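>>> What follows is a protein structure lacking sequence information:
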C-alpha cells in the first residue's frame with residue numbers, strides 16, 4: 001500500500017521554491033503594512049487609552065509578529081508558537097497595531113493545520129494556542145470590565161457596555177479561530193486528495209501502458225501462431241509431394257503430374273489463407289475474403305476433411321470419422337479445433353515415418369474433442385523429441401484460450417496421439433435438460 005493510500009501515513013511534500021518565495025513576499029508585505037499602520041497611528045495621534053512604547057520598540061514588535069511567516073510552510077508549528085507569543089506581547093505592550101497582527105496570527109494558525117505532517121501534534125499545538133488566546137482575551141476583557149466598573153459606568157440597556165463588548169469580542173474571536181482551524185484542515189485534506197488523484201493517475205497510465213504492451217505481445221503471438229498454422233501445413237504437404245514427384249519423375253509421368261497438381265493446389269490454398277489472414281490483421285472486424293474478393297468464413301470443424309484431403313494427396317493414408325450428434329460450435333472453438341488437427345497432420349507429415357493417420361471428431365456431452373493418431377515414429381529420435389516446436393506451443397495456447405485440455409505424446413503401442421477437448425458453452429445445461437425430459 002502506498003503512503004498516499006494510507007491517510008495517516010501521507011507526508012505532504014516540502015514547499016517548492018516558488019511557494020517559499022511567496023511566503024517571503026507575504027511576510028515582507030505584512031511587515032511593511034504593520035510598520036506603516038503603527039507609524040500612521042502615531043501620526044494620527046489616536047487615543048488608545050494607554051501609553052504606547054517607543055516607536056522603535058513598536059516597529060520591532062511588528063517585525064517580530066510578521067517576519068516568521070517567511071518560514072510558515074517549512075516549520076509551521078514553530079512559526080505558530082512564535083507568532084502567538086509575539087501577538088500576546090504586542091498587545092500587552094499596547095502597540096498601536098491590531099489589524100495586520102491578527103492577520104499574521106490567522107495565517108500562522110491556518111498554515112499549522114494545512115502543512116503539519118503529524119496531525120496529532122498539529123491538533124494539540126493549535127488547541128493549546130487557542131486556549132491560551134482565549135485565556136488572554138478573558139483576562140483583557142475582565143481587566144477592562146473592572147476598570148469600567150471602577151469609573152462607575154452603568155448599563156443604558158439590557159447589557160452594560162462592558163458585557164456587550166465581551167460578548168461581541170468573544171463571538172468574533174470564536175469565528176476567527178474557528179475559520180482558521182477549519183480552513184487549515186480543509187487545505188490539508190484537499191492536498192492529500194490531490195496527491196491521491198495524481199498517484200492514481202500515474203498508476204492508471206502505468207496500467208494502460210502495461211495493458212497496451214501485453215496487447216501488442218498477445219497480438220504478436222496470435223499473428224505468429226496463425227502464420228505458423230497457415231504456412232507450415234501447406235508447405236509441408238507441398239514438400240512431401242515435391243519429394244514424391246522427384247522420385248517418380250522418370251518412370252511414372254502420370255504420378256508426377258498428380259503430385260504437381262497437388263503442389264499447385266496447396267500453393268493456391270496457402271495464398272488464399274495468407275490473403276485472408278492479412279485481411280483480418282489489417283481490419284479485425286472485416287469479414288475474411290478469398291483472393292478473388294469473395295467473402296470466406298473462418299475454417300471450422302466442418303473444414304477438417306479439407307486438411308485430410310491434402311494429406312491424402314501427399315501419400316498419407318487417412319481415416320476420418322465423426323462420433324456423436326453434431327451440435328453448433330462457436331466459431332472460435334471451431335477454428336481452434338481445425339488448427340489443431342491441421343498442426344497434428346502437418347507434424348505427422350514432417351516429423352514421423354508414418355503411413356497412416358486416424359482423425360476423429362467427437363461431440364461429447366458439453367464438450368468437443370478432436371483426436372489425431374498416427375502409426376509413425378519421430379524421425380531422428382523418440383517421438384517426444386522429434387515433435388517439439390512452435391506448433392505444440394500454439395496448440396496449448398489455443399486450448400488454453402477456451403479452458404480446454406490437451407494431450408500429446410507417444411502411445412505405448414506405437415505412434416503418436418494428439419487429443420484436444422474444448423468445453424462448449426451451454427452444452428452441459430442442454431444435455432441436462434434433455435436428460436430430465438426423459439421419463
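Yep, it's here. These numbers come from a predicted model, not from an experiment. Numbering: from 1, shown residues only.

>>> contacts and neighbour counts: CA atoms only from here.
OK.

>>> so where do the strands sit in this protein?
Ranges of strands in the chain, per DSSP state E, are 317-323, 356-364, 367-374, 405-410, 416-423.

>>> could you redo those as TSV and give each row mean pLDDT and distance to residue 106?
Listed next are the strands of the chain as TSV, based on pLDDT from 0 to 100; distance: least, CA to CA, whole Å:
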stretch	mean pLDDT	distance to residue 106
strand 317-323	92	87
strand 356-364	93	80
strand 367-374	93	75
strand 405-410	91	72
strand 416-423	93	71
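
>>> Do you know the pLDDT at residue 51?
As predicted, residue 51 sits at a pLDDT of 69.

>>> of the strands of the chain, which approaches residue 140 most closely?
strand 416-423 (86.7 Å; CA to CA).

>>> orientation of that closest one relative to strand 356-364 in degrees?
Per axes from the mean of the first three to the mean of the last three CA atoms, to 10 degrees, the angle that strand 416-423 makes with strand 356-364 is 20 degrees.

>>> buried set for strand 416-423?
Within strand 416-423, the residues scored as buried using 16 or more other CA atoms under 10 Å are 416, 417, 418, 419, 420, 421, 422, 423.

>>> same deal with stretch 332-348?
So, applying 16+ other CA under 10 Å, buried residues of stretch 332-348: 333-348.

>>> tell me how far that stretch is from the chain's mean position?
37 Å (CA atoms, centre = their mean, to the nearest Å).

>>> sorry, back to before: next, format the buried residues of strand 416-423 as JSON lines and append distance to residue 102.
Below are the buried residues of strand 416-423 laid out as JSON lines (distance: CA to CA, whole Å):
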{"residue": "416", "distance to residue 102": "92"}
{"residue": "417", "distance to residue 102": "90"}
{"residue": "418", "distance to residue 102": "87"}
{"residue": "419", "distance to residue 102": "86"}
{"residue": "420", "distance to residue 102": "82"}
{"residue": "421", "distance to residue 102": "81"}
{"residue": "422", "distance to residue 102": "79"}
{"residue": "423", "distance to residue 102": "77"}
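
>>> with those residues in mind, which one is nearest to residue 123?
Nearest to residue 123 among these, with distances taken as CA to CA, is residue 423, at 62.6 Å.

>>> show me what contacts the closest one?
Residue 423 is in contact with 366, 367, 368, 402, 403, 404, counting by CA atoms under 8 Å, 6 or more residues apart in numbering.

>>> In ChimeraX, how would I pick out whichever of those residues are buried, leaving the exposed ones unselected?
Here is the ChimeraX command that selects the buried residues among the contacts of residue 423 (16+ other CA under 10 Å):
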select :366,367,368,402,404
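
>>> need the contacts of residue 423 in TSV with distance to residue 126, can you?
TSV is the format used below for those (distance: CA to CA, whole Å):
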residue	distance to residue 126
366	71
367	71
368	73
402	63
403	62
404	66
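
>>> Wait, residue 71 touches residue 23, no?
Yes. Contact status for residue 71 versus residue 23: in contact at 7.0 Å, counting by CA atoms under 8 Å.

>>> what about those two, which has more around it?
residue 23 (21 against 17; other CA atoms under 10 Å).

>>> so who does residue 176 touch?
residue 106.

>>> Can you pick out the most distant pair from the buried residues of stretch 332-348?
Once CA to CA is applied, the buried residues of stretch 332-348 give 333 and 348 as the farthest pair, at 22.7 Å.
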